[in-house]
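**Student:** 3D, please:
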Amino acid sequence: MSKINVRSPYYITTGTVTNLTSTQLELYIYPDTQTTDRPTTRTYLLNSFAVDNVCTFEIAELVRDYFTNVFDGDYATDIFWVDYRTTQFVQGVAQTTSGYTQLKAFFGYGLFEDGVNPTNSQAVLQSNTKIVKLDDAPAVIAVDRSLATQVTYLNNGTQVYTKAITTSAENDEQIEYVTSGVNGSDDFEDRVIQDGGTFEGSDCLTEFEGEYTLFNFDTILVDSSTGVTKLTVTNESECKFTPYKITFINKFGALQDIWFFKRTNETLTTKTEKFKKNIISAASYSISNHQDKTLTKNGKEKLTLNTGYYPEAYNDVFKEMQLSEDCWIEINSKTLPIQVTSSSFAYKTQLNDKIINYTIEIEFAFDTINNIR
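**Tutor:** Alright, predicted model coming up:
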């Protein structure tokens with residue numbers, strides 16, 4: 001089944017038909033179970049006049065409107081089913097309506113060099129095969145359930161965990177997030193809470209946490225209908241700075257993590273609206289009163305993050321984070337929306353730069369003072 005990556009155009013053409021006048025396209029966009037939950041009423045009815053006996057439609061922009069991307073720490077992604085059928089008009093006379101063509105839409109995109117209708121058809125929904133993560137944090141990888149068949153974790157060549165991947169007709173199960181821990185839990189406290197327990201901190205427990213780690217692994221193998229993809233995993237420990245995890249929607253339309261291990265700077269920028277207040281009363285005024293009065297005042301907090309040392313293979317991951325429209329950061333066990341405000345990105349290589357460290361500026365995607373009404 002073909003995929004639509006809705007951040008790039010997706011064209012449907014009729015092919016050359018002699019004396020073709022126009023084509024009518026019935027488009028159905030829907031969630032839940034494929035085919036079974038297709039609405040009886042079409043979502044859009046499109047008409048295109050023929051040019052040189054060919055009709056062309058672009059549907060990605062219409063499908064994109066149905067996506068609302070959310071992430072609260074729990075890894076899950078919805079896609080949409082897209083079915084269409086066409087009726088051609090030859091010399092103004094309607095021909096037999098075609099059967100349904102079925103597609104599935106992801107919130108991904110292709111690059112210019114990928115050409116028309118990029119599909120990103122691979123089992124592992126990420127560009128990198130090297131994974132860098134925080135020690136004792138799970139590695140979460142996204143796989144396409146229509147292609148992947150099994151995910152296996154290895155440590156020094158020995159299998160420590162395996163999970164079979166099966167196909168599904170549900171829209172919220174097309175992307176499978178495979179993790180070595182509990183979905184959405186990055187540390188010991190989170191895993192206790194996710195498991196239904198109550199966390200009570202203590203000095204003794206802090207000492208115990210180091211022993212209660214996830215299983216060790218250094219390699220992940222993803223079996224698919226087209227072969228086996230090997231992912232190598234590197235664990236990084238950090239005792240001086242507080243590591244932060246950013247999760248973003250990558251070019252495949254899947255959630256992906258990236259860790260920032262080193263120094264973080266936090267700033268606050270405020271915005272004020274003022275007015276001139278009349279402070280005079282009975283031909284006098286108090287010098288303690290504000291003549292310039294604040295009408296509203298709020299702020300935006302920003303972080304400057306440093307990655308620490310990363311392999312050159314991560315350049316594509318940073319590129320996709322820069323191009324992502326939806327990003328989140330985990331702080332104090334809360335998942336908060338952010339925007340990457342660094343507008344330029346200079347690629348680094350081990351040949352030119354020796355050691356690769358990136359500095360990224362982000363801004364929280366909300367005002368500091370709660371003003372949601």
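
**Student:** Could you give the backbone dihedrals for the nearest residue to residue 14 once chain neighbours are set aside?
**Tutor:** Nearest residue to residue 14 in three dimensions, chain neighbours excluded: residue 55, at 4.5 Å (C-beta to C-beta, 6 or more residues apart in numbering). Where C-beta positions appear, they are placed from N, C-alpha and C, glycine not excepted. Main-chain torsions, residue 55, degrees, to the nearest 10: phi -110, psi 140.

**Student:** what about the closest residue to residue 311 other than its chain neighbours, neighbour count?
**Tutor:** Distances taken as C-beta to C-beta, 6+ apart put residue 130 closest to residue 311, at 5.4 Å, once the chain neighbours are dropped. As a burial measure, residue 130 scores 14 neighbours (other C-beta atoms under 10 Å).

**Student:** Identify the residues contacting residue 130.
**Tutor:** Neighbouring residues of residue 130 by C-beta atoms under 8 Å, 6 or more residues apart in numbering: 231, 232, 234, 311, 313, 314.

**Student:** Out of those residues, which sit inside strands?
**Tutor:** Residues of those located in strands (DSSP state E): 231, 232, 234.

**Student:** Would you map out the domains in the chain?
**Tutor:** Split into domains by automatic domain parsing, the chain comes to 2-114, 122-237, 240-373.

**Student:** ok now the longest one, how far from the chain's centre?
**Tutor:** It stands for domain 240-373. In terms of C-alpha atoms, centre = their mean, to the nearest Å, the centre of domain 240-373 is found 18 Å from the chain centre.

**Student:** Stretch 157-167 now?
**Tutor:** Distance, stretch centre to chain centre, for stretch 157-167: 24 Å (C-alpha atoms, centre = their mean).

**Student:** same thing with stretch 49-69?
**Tutor:** Put simply, stretch 49-69 sits 23 Å off its chain's centre (C-alpha atoms, centre = their mean).

**Student:** can you tell me the average pLDDT over it?
**Tutor:** The pLDDT scores in stretch 49-69 average 95.

**Student:** Endpoints of that stretch, how far apart?
**Tutor:** 35 Å (C-alpha to C-alpha, to the nearest Å).

**Student:** Now tell me what touches that stretch from outside.
**Tutor:** With C-beta under 8 Å, 6+ apart as the test, stretch 49-69 has contacts from 4-23, 25, 27, 29, 43-44, 46, 48, 78, 80, 82, 84, 88, 105, 107, 249, 325-326.

**Student:** how much space is there between the residue nearest in space to the middle of the chain and residue 237?
**Tutor:** The centre of the chain sits closest to residue 249, judged by C-alpha atoms, centre = their mean, with a distance of 1.4 Å. Look at residue 249 and residue 237: by C-beta to C-beta, to the nearest Å, they are 28 Å apart.
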